[in-house]
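Colleague: Provided below for reference: sequence and predicted model.
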Amino acid sequence: MSEPYDPNKQPQPGPPQYGQQPQYGQPPQYGQQPEYGQPQYGQPPGGAFYPPTPTYNYASWGSRVGAYLLDSWVVALPGTALVIIGYIMLLSSLTTTSDEYGYTTTADINAGAIVLVFVGVLISIAINVWNVGYRQGATGQSLGKKWMGISVVSEPSGQPLGLGMSIVRWVLASALGGACFLNYLWPLWDAKKQCWHDMIIKSVVIRAR
Amino acid sequence: MRWSAIRTPIVVAGAGLAAVALLHLHDPHNTGAYGFCPFHVVTGLWCPGCGGLRAVNDLTNGDVIGSLSSNVFILPLLVVLVGAWMLWVRKRWRGAGDRMIVLHKPSAVVILVLLAVFTILRNTPWGSWLAPA
């Protein structure tokens, strides 16, 4: 058993049917069609003619924080560990000398440590592109989210976001969260428990079971 | 038992009052008393929350004008929080309601636009009266 996590795998994970011309006089219905017999998350069985926006069981703020910590400190550990080790080597390799006049000079940058930090950052990015971009884009779950039992889906369709949008979501989350911590607290009082990056790309985080 | 329904509100109120007491005793007007705003450190600009702790401290000393000139949003925010807390207790006492505050899309958009405008204004010469004083 290699990957038992994905009973819903389908060949076309991205948001379906962009670029298809809607017929004149009909409202476009991106992603609203009940697709390929796949169950919509949280939708009551025996669907209506026009399934309204599916009702979701939103994931708690705590479970999302847990998944975030697991993704950044467990899954990405091979990268972050190298970065931390590199920093420590860098700091301890700096030798500060004082001459007899009291002037201090700091010298001897450890080139190996800089390479270590650089490689560590590259490995972290690669792990995140796989874990948060590819894996979460295809299945709705990064490893951290899988362990916490939660999932990211597109709000209108209930489907996973796909690689591209998942990476956009990750970059947006880092940028908005870095600019203002309120972004990460917003699910506490938001009706749909969305962060700002969720509102922008219309994603929701839901309980997976 | 109904008391168990309002246990969470009581814990939340306790945490809030403890925070206010800490801000009264450990004065945030002393630079770096609670660390530094990372946004201000990196950009040199005022974020919408800058001056917030000082504004709470001013209120605990009865200085309303000082509070408004530190961060004009803190006094209305605290009034709203106290009101929302009382409504929350009433709802939970009657056996309904989950979260203290639930913001739907329209109110969220209004608040975010207000915060964005406030952030821009307090960093310009015309809005210098909105910058922390």
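Modeller: Received it, and whenever you're ready, just let me know what you need. Numbers count the residues shown, from 1 in each chain, chains lettered A, B, ... in the order given.

Colleague: Near chain A, which residues of chain B? Just list them.
Modeller: B:39, B:47-49, B:99-105, B:108, B:112 (C-beta under 8 Å from any C-beta of the partner chain). Quick note: C-beta positions are derived from backbone N, CA and C, even for glycine.

Colleague: And these, which of them are buried?
Modeller: Buried members of the residues of chain B next to chain A, counted by 16 or more other C-beta atoms under 10 Å in any protein chain shown: B:39, B:47-49, B:100, B:103, B:108, B:112.

Colleague: can you give me the helices for chain B?
Modeller: B:2-5, B:7-25, B:38-43, B:52-60, B:64-70, B:74-93, B:105-121 (DSSP state H).

Colleague: so how far is chain A from B:Gly51?
Modeller: 15 Å (C-beta to the nearest C-beta, to the nearest Å).

Colleague: Just give the closest residue to that residue, not the sequence neighbours.
Modeller: The shortest distance from B:Gly51 to any non-neighbouring residue, by C-beta to C-beta, 6 or more residues apart in numbering or on different chains, is to B:Pro132 (3.1 Å).

Colleague: and that neighbour, how many neighbours?
Modeller: 16 (other C-beta atoms under 10 Å in any protein chain shown).

Colleague: do the same with B:Trp88
Modeller: B:Trp88 has 20 nearby residues by other C-beta under 10 Å.

Colleague: In terms of pLDDT, where does the closest residue to it other than its chain neighbours sit?
Modeller: Computed as C-beta to C-beta, 6+ apart, the closest residue to B:Trp88 that is not its neighbour in sequence is B:Met100, at 4.4 Å. In this model, B:Met100 is scored at 92, pLDDT.

Colleague: Tell me who's in contact with B:Met100.
Modeller: B:Met100 sits next to A:189, B:9, B:12, B:84-85, B:88 when contact means C-beta atoms under 8 Å, 6 or more residues apart in numbering or on different chains.

Colleague: mind listing the helices for chain A?
Modeller: Under DSSP H, chain A gives helices at A:61-70, A:77-93, A:111-128, A:136-139, A:143-148, A:163-179, A:182-185, A:196-201.

Colleague: Now do the buried residues in stretch B:22-38.
Modeller: For stretch B:22-38, by 16+ other C-beta under 10 Å, it's B:23, B:28, B:37.

Colleague: Flag the shaky bits of the chain, pLDDT-wise.
Modeller: Since no chain was named, I'll use chain A. A:1-53, A:95-98, A:105-108, A:209 (pLDDT under 70).

Colleague: try again with chain B
Modeller: Judged by pLDDT under 70, the stretches of chain B that qualify are B:1.

Colleague: in stretch B:7-14, what counts as buried?
Modeller: Those would be B:9, B:13, for stretch B:7-14 by 16+ other C-beta under 10 Å.

Colleague: quick one on the thing from earlier: winner for burial among the helices of chain B?
Modeller: helix B:52-60 (a mean of 22; mean count of other C-beta atoms under 10 Å in any protein chain shown).

Colleague: That one vs helix B:7-25, what angle?
Modeller: When axes from the mean of the first three to the mean of the last three C-alpha atoms, to 10 degrees is applied, the directions of helix B:52-60 and helix B:7-25 differ by 90 degrees.

Colleague: Lovely, talk soon.
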